[in-house]
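In: Generate a structure from the sequence data that follows.
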Amino acid sequence: MRIGLAQMNASIGDLEANSRRMAWFYQQARQADVDLLVFPELALCGYPPERFVRQSDFLNQCHRALQQLAKSCTELSMIVGWPEGHQGHPFNAAALLQAGGIASIYRKGRLPAFHAFDETQYFQPGQETPRWTVHGLRLVPTICYDLWDVEWLAQRLASHDSVDLIVNLSASPLDEGKVLRREQIIKTAAQEFSCGVAYCNLVGQYQDLVFDGRSMVADARGQIRARGAAFKEDLLVAEFHADPVLGLQVK
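Out: Numbers count the residues shown, from 1 in each chain. Predicted coordinates for the structure are as follows:
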């Protein structure tokens, strides 16, 4: 399966502009024969959305924008980060879009509560981690901080039979030593769960937060096999295939 990681520069609150950018990446992914296109955390609305997600009208607009994106981009499976209003509460979510509709939704479970990322002020934590099957691969969606707590993730995945690939949607800003820490987290997760990891990060700047991209894919042994560009938009394409001995590998 060919996966495209679309590290995009999302504008906070500008759903129309972000949707147009996603549609552009969709066309690029089609030309690259991608089977699954992945966008960063909250790419539909930009990160951090803060007060926007307290407005029910804004969450409704996000839902309509997501539905329209699904209807207009039907030839690929896509995973899109977006803010979901569910049962009266906002969630930091990832939607699996297939065949013109919303096939499934994952809600971020591990919410950071430090510095500029106190998501507990705005979001409710999700309680379930689904397993999605896309083109024969068994995927587990995660959102940013979900991947950084491997023990927590292991508890979430305890009920799953097996996993081929962890897909991580991130909005991870750059700070000292962050690049190496990310690589170590991805390596640790891949080795812990004996699966590949596809990590898609936001790019751009908001106030003093600098999102540097550098999306990555790793094989089931934790080796980083491909990297996205630093500090600019990029479509990182990687082809995954299952090996009966080595697990998921990257061509």
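In: switch to C-alpha atoms for all contacts and neighbour counts from now on
Out: Fine.
In: Please report how far Cys119 lies from Ala93.
Out: Actually, residue 119 is Glu. It isn't Cys. Glu119 sits at a distance of 12 Å from Ala93 (criterion: C-alpha to C-alpha, to the nearest Å).
In: which one of those two has more residues nearby?
Out: Using other C-alpha atoms under 10 Å, the more surrounded residue of Glu119 and Ala93 is Ala93, with 25 against 20.
In: Touching, that one and Leu42? I think so.
Out: Yes: counting by C-alpha atoms under 8 Å, Leu42 is a contact partner of Ala93 at 7.4 Å.
In: who touches both of the two?
Out: Gly81, Trp82, Pro83 (C-alpha atoms under 8 Å, 6 or more residues apart in numbering).
In: Identify, from those, the entry nearest to Arg221.
Out: For those, the minimum distance to Arg221 (C-alpha to C-alpha) is 27.0 Å, reached by Gly81.
In: I'd like the distance between that closest one and Asp243.
Out: Taking C-alpha to C-alpha as the measure, Gly81 falls 30 Å from Asp243.
In: The two: which has the busier surroundings?
Out: Gly81 (28 against 10).
In: Which pLDDT does the model give that one?
Out: Gly81 is assigned 98 on the pLDDT scale.
In: and it, what are its bridge partners?
Out: Beta bridges link Gly81 to Ala94, judged by DSSP bridges.
In: circling back to that earlier point, JSON lines for the shared contacts of Ala93 and Leu42, including distance to Lys187?
Out: Converted to JSON lines, these look like this (distance: C-alpha to C-alpha, whole Å):
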{"residue": "Gly81", "distance to Lys187": "23"}
{"residue": "Trp82", "distance to Lys187": "26"}
{"residue": "Pro83", "distance to Lys187": "28"}
